[in-house]
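Undergrad: what's the 3D shape of this:
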Amino acid sequence: MTIYYAHSRNDYEKWHPLKEHLASVSRLAGEYLAGWQGEEEGRLAGLLHDLGKYGDRFQNRLHGQDKGLDHWSQGAWIALKDYRAIAAALAIQGHHVGLQYLREEPLRQLEPDKLKIRHPLNLQLSETNPEILIQRFTEDQLQAQRPSKLLLGSITSRIDTMLNIRILFSALVDADYLDTEAHFNGNKNGKQYRTEGKPLYPEQALTILQEHINKLEANASSSATLATVRRQLQRDCLDSAEINPGLFTLTAPTGSGKTLAMLAFALAHAKAHKLRRVVMVIPYLSIIEQTAKVIRTLFEPYFGSDYILEHHSLAGGGQESRQSDSEEQQDRRRQQLAENWDAPIILTTNVQLLESLFSNRPSQCRKLHRLRKSVILFDEAQTLPIGLAVPTLAALSHLAYEHSSTVVFSTATQPAFSHLHDYVKKQCSRGWQPIEIVKNPAQLFMPLARTRYHWHSPQQRWSWDYLTEQLKPHHQALCIVNLKRHAKVILETLDDISILHLSTNQCPAHRADVLTQVREALQNNQPCTLIATQCIEAGVDIDFPIVYRSYAPLDAIIQAAGRCNREGKLENGDVHIFCPEDEKYPLGGGYQQAAEVTKELLNRLGNEAMQMHHPEFITQYYRSLYDLSQPQATKDSRNLTELITAGAFPEIASAYRLIKQDTINVVVPYEPQIELYQALDESKDSEGLNRKWIQKARPLTVSLYRPKPDDTIWDSLIPVPVLKKGKRQETDDWFMYSRKEHYHHLLGLCPPNQLNLWIA
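TA: Purely as a prediction, here's the structure:
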């Protein structure tokens with residue numbers, strides 16, 4: 001009998017039998033979807049995904065005798081015609097080219113007779129007669145079963161149905177990749193699958209975490225009141241862990257230990273409900289680095305380096321080169337884990353996770369099935385963009401209730417997303433009605449009402465001279481403004497060499513040095529004035545007696561206040577909110593609109609009614625903001641809704657963007673680390689861009705919105721090459737900054753006339 005092959009020979013001269021590949025992919029996909037209504041359809045997709053490889057032309061291609069072939073559409077057509085399996089058909093069609101269109105007419109175009117005449121990718125079918133393929137499939141003793149339940153009974157497109165298709169697609173893609181990889185990694189004994197990710201070990205991990213929290217509490221210098229609040233938050237998190245998986249909020253004041261508390265909830269919750277992993281989703285890379293350092297220090301000595309996976313733009317990528325065997329093995333393992341998130345604890349960004357939920361690409365969707373039966377923690381949940389709120393909430397709600405996961409939104413300024421429940425429900429059956437983990441949030445906030453807010457009238461604009469006169473008398477003070485050019489003006493007006501600055505113009509190493517100076521000065525009661533942008537408002541643990549904040553969204557003002565009297569050592573700290581003479585706001589994201597809502601509440605209610613320590617007042621602010629901004633009716637939301645209704649996977653993937661502008665990574669010449677900069681510059685050509693190089697470069701990396709092609713800044717950017725099989729390829733997203741004089745010792749990277757080009 002003729003043997004048909006899926007892949008050519010590996011290093012041991014073994015070819016990959018197609019029968020074995022289809023059966024293995026079917027088995028793996030079914031295992032990934034076990035217990036879900038899509039399990040049988042996933043198995044069917046695995047059996048049919050490479051049906052076209054039974055064609056003679058594909059078998060010839062394996063020997064280099066043919067090319068330009070489509071070997072997937074035939075299986076998609078059989079899934080659709082013979083089994084009415086719409087989701088399986090789309091997954092099969094997309095496992096090489098990406099998910100396409102959940103619409104009747106594009107699906108009809110899968111018919112081989114139509115593809116033979118006109119193929120959308122200008123390819124040719126490996127076999128135009130599907131009966132021949134089915135005959136060979138049957139002769140190989142393979143048999144496809146009709147699923148007892150289908151994911152889609154009709155061609156109706158909503159966020160929940162599209163996410164179900166992506167989850168099935170994810171399982172198929174991951175199974176296909178892993179089985180193919182196992183063949184090419186095989187030896188004389190057969191296929192060699194990669195080592196599976198470690199279990200979560202939630203009980204042991206929780207014990208380790210609680211011991212760490214107890215040590216922190218014993219050594220803390222904070223007030224007794226703050227210690228009491230932190231203990232109450234821990235108790236509430238552990239008590240709520242017994243509640244069934246679903247949607248949760250964690251509302252607690254800044255400085256109360258939310259990050260470790262919600263991790264304790266996640267581990268206890270995973271233990272109680274047999275969940276498989278914890279995914280921590282963090283908006284800022286600076287916070288990820290801090291969180292990763294703490295978690296690695298806690299868990300790696302017990303569970304090893306592959307217990308925790310960081311997956312974000314600075315976590316490392318590129319090619320291997322000139323590393324020791326052990327380093328290369330560790331890097332390869334990290335790369336494997338990042339491909340499909342097969343790790344017990346994942347640290348990632350909003351961009352990485354949320355854009356994957358709306359993607360159509362195999363590489364991005366491959367990890368999605370790993371989110372099933374997971375605890376997904378969103379830190380600083382107020383940073384989610386309002387314009388994408390409804391589709392985002394619908395996807396997360398469906399992920400929680402359909403796929404036995406838990407989603408937690410944690411913040412001191414909890415957005416009133418329940419206000420959008422009816423709009424969310426139009427896209428998923430359960431809407432958005434989370435359970436609050438903290439039994440009585442007000443009981444946590446009121447004891448920590450450790451700041452007085454001074455609301456200066458928005459109509460009374462402060463000149464920069466007036467602001468600096470307010471700052472000068474203070475022994476220690478923090479001033480936060482909305483734009484970096486505002487910070488620069490204040491620094492120039494103060495004209496004091498002891499003044500410090502913090503913004504994202506500075507590389508991480510520079511910011512870390514500044515914060516070290518600040519903390520030492522505060523601890524030793526030395527003079528300290530810090531002029532900062534919004535980058536200080538989340539995840540930065542510093543404690544000033546007085547803070548000045550220019551008008552901003554209410555949540556930003558509360559986050560700023562979280563840097564004031566943070567440890568509760570004073571009876572009260574003071575937060576002054578002022579309007580500068582040059583009142584400008586960051587472009588995009590509704591920042592100015594949210595700041596105007598803050599002013600409107602102040603004008604309408606008066607100073608005394610601005611109850612910043614009451615969660616209910618924060619909810620009132622968000623409801624006012626949503627009533628004004630209409631998140632469900634923004635241009636982004638309307639556009640996405642239309643594309644979702646049209647079932648347009650490719651266009652949805654392009655439209656759902658948390659960061660609208662493309663960014664590049666720039667390694668800067670920060671003088672105290674100039675030897676590291678020079679070493680990176682010297683090794684870039686010999687080693688090329690690899691994970692080890694990126695890891696070393698992280699402390700000196702600044703993110704920059706991609707400049708226009710004719711921007712003069714390109715004259716200062718030297719591309720970091722990738723070396724592939726000895727050949728040099730230039731990247732378009734990693735650069736060395738060549739002009740040392742443009743990196744200011746105080747302000748950071750300041751190309752001439754480009755100060756506000758950088759991400760804030």
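Undergrad: you'd agree Ile577 is in a strand?
TA: Yes: counting by DSSP: H, G, I helix; E, B strand; the rest coil, Ile577 is located in a strand.
Undergrad: Go ahead and flag the most central residue of this protein.
TA: Per Cα atoms, centre = their mean, the C-alpha nearest to the average position across the chain is that of Thr349, at 2.4 Å.
Undergrad: So what does that residue have for phi and psi?
TA: phi -110, psi 160 (degrees, to the nearest 10).
Undergrad: same deal with Lys660?
TA: phi -70, psi -30.
Undergrad: who touches Leu206 in this structure?
TA: The contact partners of Leu206, taken as Cβ atoms under 8 Å, 6 or more residues apart in numbering, are 264, 267-268, 271. (C-beta placed from N, C-alpha, C; glycine too.)
Undergrad: so what secondary structure elements neighbour the longest helix along the chain?
TA: Assignment by DSSP state H gives helix 159-184 as the longest helix of the chain. Where contact means 3 or more Cβ pairs under 8 Å, 6 or more residues apart in numbering; DSSP states H and E, helix 159-184 is packed against strand 5-7, helix 18-32, helix 39-48, helix 86-97, helix 325-340, helix 362-365, helix 389-402.
Undergrad: got the angle for it vs helix 389-402?
TA: 70 degrees (axes from the mean of the first three to the mean of the last three Cα atoms, to 10 degrees).
Undergrad: which of the residues in the helix or strand following helix 159-184 are buried?
TA: Next in sequence after helix 159-184, counting helices and strands by DSSP states H and E, comes helix 202-219. Across helix 202-219, burial judged by 16 or more other Cβ atoms under 10 Å covers 202, 205-206, 208-210, 212-213.
Undergrad: And for stretch 680-695?
TA: For stretch 680-695, a neighbour-count test (16+ other Cβ under 10 Å) marks 680-681, 683-684, 687-694 as buried.
Undergrad: Could I get those residues in CSV, plus columns for pLDDT, secondary structure and distance to Leu640?
TA: Shown next, in CSV, are these (pLDDT from 0 to 100; DSSP: H, G, I helix; E, B strand; the rest coil; distance: Cβ to Cβ, whole Å):
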residue, pLDDT, secondary structure, distance to Leu640
Leu680, 96, helix, 40
Asp681, 95, helix, 43
Ser683, 93, helix, 43
Lys684, 91, helix, 40
Glu687, 86, helix, 42
Gly688, 87, coil, 38
Leu689, 88, coil, 34
Asn690, 85, coil, 37
Arg691, 79, helix, 34
Lys692, 84, helix, 39
Trp693, 91, helix, 37
Ile694, 89, helix, 33
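Undergrad: quick one: the strands in the stretch 401-550 of the chain?
TA: With strands called from DSSP state E, counting those that start in this stretch, the stretch 401-550 of the chain shows them at 406-411, 435-436, 451-455, 461-462, 476-480, 500-502, 528-532, 546-550.
Undergrad: and the ones you listed as a markdown table, adding distance to Glu567?
TA: Putting the strands of the stretch 401-550 of the chain into a markdown table (distance: least, Cβ to Cβ, whole Å) gives the following:
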| stretch | distance to Glu567 |
| --- | --- |
| strand 406-411 | 20 |
| strand 435-436 | 26 |
| strand 451-455 | 12 |
| strand 461-462 | 29 |
| strand 476-480 | 14 |
| strand 500-502 | 20 |
| strand 528-532 | 16 |
| strand 546-550 | 14 |
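Undergrad: In TSV, list those strands along with mean pLDDT and distance to Lys198.
TA: Below are these laid out as TSV (pLDDT from 0 to 100; distance: least, Cβ to Cβ, whole Å):
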stretch	mean pLDDT	distance to Lys198
strand 406-411	96	20
strand 435-436	97	30
strand 451-455	95	43
strand 461-462	96	55
strand 476-480	96	41
strand 500-502	96	37
strand 528-532	96	40
strand 546-550	97	43
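Undergrad: in terms of contact, does Leu62 touch Tyr5 like I think?
TA: Yes: using Cβ atoms under 8 Å, Leu62 is in contact with Tyr5, at 5.8 Å.
Undergrad: What distance do you get for Gly55 to Leu123?
TA: Gly55 sits at a distance of 12 Å from Leu123 (criterion: Cβ to Cβ, to the nearest Å).
Undergrad: quick one: which of the two has more around it?
TA: In this view Gly55 and Leu123 are compared by other Cβ atoms under 10 Å, and Gly55 has more residues nearby, 25 against 16.
Undergrad: Run through the residues that contact that one.
TA: Counted by Cβ under 8 Å, 6+ apart, Gly55 has contacts 69, 71, 74, 125-127, 132-133.
Undergrad: farthest-separated two in the residues you listed?
TA: Leu69 and Ile132 (14.9 Å; Cβ to Cβ).
Undergrad: Counting neighbours, go ahead and name the busier of these two.
TA: Leu69 (18 against 14).
Undergrad: Next, format the helices and strands packed on helix 159-184 as CSV and append mean pLDDT and distance to Ser703.
TA: CSV is the format used below for the helices and strands packed on helix 159-184 (pLDDT from 0 to 100; distance: least, Cβ to Cβ, whole Å):
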stretch, mean pLDDT, distance to Ser703
strand 5-7, 98, 39
helix 18-32, 98, 34
helix 39-48, 98, 38
helix 86-97, 97, 31
helix 325-340, 80, 19
helix 362-365, 97, 20
helix 389-402, 96, 22
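Undergrad: okay, those in TSV with distance to Val547 and mean neighbour count next?
TA: TSV is the format used below for the helices and strands packed on helix 159-184 (distance: least, Cβ to Cβ, whole Å; neighbours: other Cβ atoms under 10 Å):
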stretch	distance to Val547	mean neighbour count
strand 5-7	62	20
helix 18-32	49	22
helix 39-48	53	28
helix 86-97	51	26
helix 325-340	39	16
helix 362-365	40	21
helix 389-402	29	25
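Undergrad: Out of the ones you listed, which is closest to Lys198?
TA: Here helix 325-340 is closest among these (Cβ to Cβ), at 9.7 Å.
Undergrad: Output the contacting helices and strands for the closest one.
TA: Using 3+ Cβ pairs under 8 Å, 6+ apart, helix 325-340 sits against helix 159-184, strand 308-311, helix 691-697.
Undergrad: Of all the ones you listed, which one comes closest to Arg566?
TA: Among the helices and strands packed on helix 325-340, the nearest to Arg566 by Cβ to Cβ is strand 308-311 (26.9 Å).
Undergrad: Strand partners (parallel or antiparallel) of that closest one?
TA: strand 345-349 (parallel) (DSSP bridges).
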